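**Q** after the sequence you'll find the predicted model.
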Amino acid sequence: MFEALKKKLSSWLGKPEKKKENKAKNEKKVSKKPKKKIKKAIEEKTEKMVEREIEEEFTKEQTKEKPKEEKGFFTKLREKFIRTKEEEEEEKVEEIIKEAEKEQEIKKPDEEKPSEEIEEILGEAEEEVEEEIEEAPKENFFSRFFKKLSSAKITKENFNEIFQELEIILLENNVAIEVVEKIKEDLSKSLIGTEIKRAEIEQKITSALKDSILNVLIEPESLIEKIKTKTDSPFVILFFGINGSGKTTSIAKLAHKLKKSNLSVVMAAADTFRAASIEQLQTHGNKLGIEVIAKEYGSDPAAVAFDAIQYAKKNHIKVVLIDTAGRMYTKQNLMKEMEKIVRISKPDLKIFVGESITGNDAVEQAKTFNETAGIDGIVLSKADVDEKAGTILSVSYVTKRPIYYLGIGQGYDDLQDFKKSEVLKHLGL
Amino acid sequence: MLEKLSNILKKTTDKIANAIFLDKNLVESIVKDLQRALIEADVNVALVLELTSKIKKAAFDERIKGVEKKEHIIKLLHDELIKILGENREIHLEKHNVFLMVGLYGSGKTTTISKLAAYYAKRGNKVCAIGLDVHRPAASEQLKQLCDKLNIASFVEPGEKDPKKIWKKYEDKLKDYSLVLVDSAGRDSLDNELIKEMKEIAKMTKPTETILIMPADIGQTAGRRIQICSKYHWSYNKQNGLYCKRRRSSYRMCRSKSTCPFHRNW
């Protein structure tokens, strides 16, 4: 989940890439073998990974200490290509190159030897550079920024330069423009004008970014606890969203979850438009052992919702989940129909079901549904196939409402509780 | 459809045309407006940057001057957008055609089948649909109900879990039709079992067209989806088509723009 964004963020921050994704794939292929072997393999892999991380940290510390030691000429030349540069070294190298070029131009046999030596030196340095470029992470702009200084004050220009790359990363990962601007504002407040040491820059920016994202996201309360506190009448949850977003599947998953927590549930098939929508919900109801209230196709969805609530009251059922037809927020008559359903069913919770893979349209969808029907909470489906994670930020920010669950598959158990800390973990922050 | 983006593009071209002098600030502001509009429309970020850098280059090109430069930039913008959108491609029907629908969950495969069925039936073709989605609850009922409304023949087997059996059962009857529309289950490349099933279905049905259905609001992920899909389907098909669903959501033209550069050969 969210691997693409995580990878981009960690390379921007200059962290070593962890090869967990490939390992996840390998583990899947291994699934046919007996479980004990898999456990051992996984343990070994995690041990190796831990060792590798320790080694990487060591090498990082060592390379950081190098600038303080006195170096020979060749080591200086090497470092020039690998890590942050100092002006003196640059000048020295430029001089060498100029001399080498001059000597080549003149082409006197007497002076061939020194030029050859210099070429050899440069050749060796290049080879070493190539090797180390393959091993070491890309020189990121933080190291470029601290070219000449050990600590720096971030000015507006510097900040814009820093933020430009981050902006592109966020936009490429489905974060809406409004949210990118909000993050930029937060980061500029905490970073511009402050004095930062070279050793701390990555950590400072990471924590500023983390804080900004935490501000955008909202931690949801426990839905199950909320339901349990209502004792006088059934707790009514209405689901809406655009076509194909995953409402029916999400309802089935939530019904399964509630049933596991010993709450009685009834589902209302208030999608009276789409072919076989009632049969679809009834199939889920049969599999889960949950009653489904339905009328004929073409009947008023508000009436179906009403009937389901009456049924729940009569039979002392705790929760009513109302499924509605998918509708485009641009269709005014359909949005008006939604207003009516809300008016008649008076739900305790109005849940917008969106797809995690949607781009900037998620913002428009969320805004319009919020204005028309009012959103109390969000469920984002198809999060397992989403590499980007941007929609989570966009939708949270625009509605200022919590995301209760992430849909992570087609099975009844594939409904994950939304936790801010988990999301940050998936992003590698 | 696409009104917001077209408004911004018009404003941009007007700005360029009405400018007395194309100085750096004006070009920067035009480029920024353009970038923002295109990214909001979910166009692939790399594409947007490529497009705007070409425009900047043309704007600062010393060889062209005056009115010609402005016209040149407007034409460049127009040509680049057309290049990105790709060519118009008609589907030519042969004697016996099989269209295989593939795509993610909820993208609109079954609904598209009913629309295509109506379209081709109106034009005098003998059309039928076969439901090979054995995973989604009531998928076969959905296909049957849609086809019955249109008086189109449909072949479904509710309760059957093996798509191969369904195909084998109706294979002979399908030969009577000039167009067979094959519905498949929604799937993602990360699910190995489903991908395996997809390959078997493709091998078995030998489609003349494999059509990937995607929601138009899918966002930056569009290009990747196409890459993954063509990786799995290329070897089994003579031709491939790309169909964009749900375009009516106001101003998204993301998918067509951001996916086309990966498949300019179509």
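**A** That came in fine, so what should we check first?
**Q** report the buried residues of stretch B:105-119.
**A** Going by neighbour count (16 or more other C-beta atoms under 10 Å in any protein chain shown), the buried part of stretch B:105-119 is B:105-114, B:116-118. Any C-beta I mention is one placed from the backbone N, CA and C, and that applies to glycine too.
**Q** adding distance to chain A, pLDDT and secondary structure, write those residues out as JSON lines.
**A** Below are the buried residues of stretch B:105-119 laid out as JSON lines (distance: C-beta to the nearest C-beta, whole Å; pLDDT from 0 to 100; DSSP: H, G, I helix; E, B strand; the rest coil):
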{"residue": "B:105", "distance to chain A": "7", "pLDDT": "85", "secondary structure": "coil"}
{"residue": "B:106", "distance to chain A": "3", "pLDDT": "86", "secondary structure": "coil"}
{"residue": "B:107", "distance to chain A": "6", "pLDDT": "86", "secondary structure": "coil"}
{"residue": "B:108", "distance to chain A": "6", "pLDDT": "87", "secondary structure": "coil"}
{"residue": "B:109", "distance to chain A": "10", "pLDDT": "89", "secondary structure": "helix"}
{"residue": "B:110", "distance to chain A": "8", "pLDDT": "92", "secondary structure": "helix"}
{"residue": "B:111", "distance to chain A": "8", "pLDDT": "91", "secondary structure": "helix"}
{"residue": "B:112", "distance to chain A": "11", "pLDDT": "90", "secondary structure": "helix"}
{"residue": "B:113", "distance to chain A": "11", "pLDDT": "92", "secondary structure": "helix"}
{"residue": "B:114", "distance to chain A": "8", "pLDDT": "92", "secondary structure": "helix"}
{"residue": "B:116", "distance to chain A": "15", "pLDDT": "91", "secondary structure": "helix"}
{"residue": "B:117", "distance to chain A": "13", "pLDDT": "93", "secondary structure": "helix"}
{"residue": "B:118", "distance to chain A": "14", "pLDDT": "92", "secondary structure": "helix"}
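**Q** in CSV, list the residues you listed along with distance to residue B:137.
**A** Shown next, in CSV, are these (distance: C-beta to C-beta, whole Å):
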residue, distance to residue B:137
B:105, 12
B:106, 13
B:107, 17
B:108, 17
B:109, 15
B:110, 13
B:111, 16
B:112, 20
B:113, 18
B:114, 19
B:116, 24
B:117, 22
B:118, 25
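**Q** of those residues, just say which sits nearest to residue B:35.
**A** Taking C-beta to C-beta as the measure, residue B:35 lies nearest residue B:107 of the buried residues of stretch B:105-119, at 28.2 Å.
**Q** residue contacts, residue 180?
**A** As the question left the chain open, I've gone with chain A. By C-beta atoms under 8 Å, 6 or more residues apart in numbering or on different chains, the contact list for residue A:180 reads A:167, A:170-171.
**Q** ah, no, chain B please
**A** Residue B:180 makes contact with B:96-99, B:127-130, B:174, B:205, according to C-beta under 8 Å, 6+ apart.
**Q** drop anything exposed from the residues you listed.
**A** Buried by 16+ other C-beta under 10 Å: B:97-99, B:127-130, B:174, B:205, out of these.
**Q** and the furthest pair within the residues you listed?
**A** Largest separation among those by C-beta to C-beta: B:127 and B:205, giving 15.5 Å.
**Q** before we move on, back to that, which ones among the contacts of residue B:180 are found in helices?
**A** Applying DSSP state H to the contacts of residue B:180, the entries found in helices are B:174, B:205.
**Q** chain A: which of the contacts of residue B:180 is nearest?
**A** residue B:129 (12.3 Å; C-beta to the nearest C-beta).
**Q** what sits against the closest one?
**A** By C-beta under 8 Å, 6+ apart, the neighbours of residue B:129 are B:113-114, B:117, B:143, B:147, B:152-155, B:180-183.
**Q** can you pull out the helices in the stretch 101-250 of chain A?
**A** Using DSSP state H, counting those that start in this stretch, the helices assigned to the stretch 101-250 of chain A run over residues A:112-135, A:141-145, A:156-172, A:177-191, A:201-216, A:223-229, A:247-260.
**Q** how about the closest residue to residue A:347 other than its chain neighbours, what does it touch?
**A** Closest residue in space to residue A:347, ignoring its immediate chain neighbours: residue A:238 at 3.9 Å, by C-beta to C-beta, 6 or more residues apart in numbering or on different chains. Residue A:238 sits next to A:305, A:322, A:324, A:341-342, A:345, A:347, A:349-351, A:373 when contact means C-beta under 8 Å, 6+ apart.
**Q** tell me the least confident of these?
**A** Among the contacts of residue A:238, residue A:373 has the lowest pLDDT, at 91.
**Q** my understanding was that it contacts residue A:342; is that so?
**A** Yes: judged on C-beta atoms under 8 Å, residue A:373 makes contact with residue A:342 at a distance of 5.2 Å.
**Q** mutual contacts of those two, please.
**A** Joint contacts of residue A:373 and residue A:342 (C-beta under 8 Å, 6+ apart) are A:238, A:350.
**Q** burial check on residue 155, number of neighbours?
**A** I'll assume chain A. A count of neighbours around residue A:155, defined by other C-beta atoms under 10 Å in any protein chain shown, yields 11.
**Q** actually chain B
**A** When counting by other C-beta under 10 Å, one arrives at 23 neighbours for residue B:155.
**Q** measure it to residue B:183 for me?
**A** 10 Å (C-beta to C-beta, to the nearest Å).
**Q** how is the chain partitioned into domains?
**A** All of this refers to chain A. Following the assignment in automatic domain parsing, chain A carries domains at A:72-135, A:141-216, A:223-426.
**Q** think we crossed wires, I meant chain B
**A** Using automatic domain parsing, chain B is parsed into the domains B:3-85, B:97-263.
**Q** tell me the most buried of the ones you listed?
**A** Here the criterion is mean neighbour count by mean count of other C-beta atoms under 10 Å in any protein chain shown, and of those the winner is domain B:97-263, at a mean of 19.
**Q** tell me which helix or strand in chain B has the weakest average pLDDT.
**A** Least confident helix or strand, chain B: helix B:254-259 with a mean of 38, by mean pLDDT, DSSP states H and E.
**Q** so where is the chain shaky, pLDDT-wise?
**A** Looking at chain A here, since you left the chain open. Along chain A, the parts satisfying pLDDT under 70 run over A:15-151.
**Q** oops, chain B please
**A** B:1-2, B:64-67, B:86-89, B:189-190, B:223-266.
**Q** what do you get if the cut-off is 50, keeping everything else the same?
**A** B:234-266 (pLDDT under 50).
**Q** check it for the residue nearest chain A and tell me.
**A** For chain B, C-beta to the nearest C-beta, closest residue to chain A: residue B:219, 2.2 Å.
**Q** what's the closest non-adjacent residue to that residue?
**A** Distance criterion C-beta to C-beta, 6+ apart; nearest residue to residue B:219, sequence neighbours excluded, is residue A:359 at 2.2 Å.
**Q** relative to residue A:382, how far out is the residue of chain A found nearest chain B?
**A** Distance from chain B to each residue of chain A (C-beta to the nearest C-beta) is smallest for residue A:359, at 2.2 Å. Per C-beta to C-beta, residue A:359 is found 13 Å from residue A:382.
**Q** more crowded one of the two?
**A** A count of neighbours by other C-beta under 10 Å puts residue A:359 above the other of residue A:359 and residue A:382, at 33 against 26.
**Q** re the thing from before, any chance of the domains of chain B in JSON lines, with distance to residue A:388 too?
**A** Converted to JSON lines, these look like this (distance: least, C-beta to C-beta, whole Å):
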{"stretch": "domain B:3-85", "distance to residue A:388": "11"}
{"stretch": "domain B:97-263", "distance to residue A:388": "6"}
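**Q** of those, which approaches residue A:294 most closely?
**A** Among these, domain B:97-263 comes nearest to residue A:294, with 12.4 Å by C-beta to C-beta.
**Q** show me how far that closest one is from its chain's centre.
**A** Relative to the chain's own centre, domain B:97-263 is displaced by 12 Å; criterion: C-alpha atoms, centre = their mean, to the nearest Å.
**Q** lovely, talk soon.
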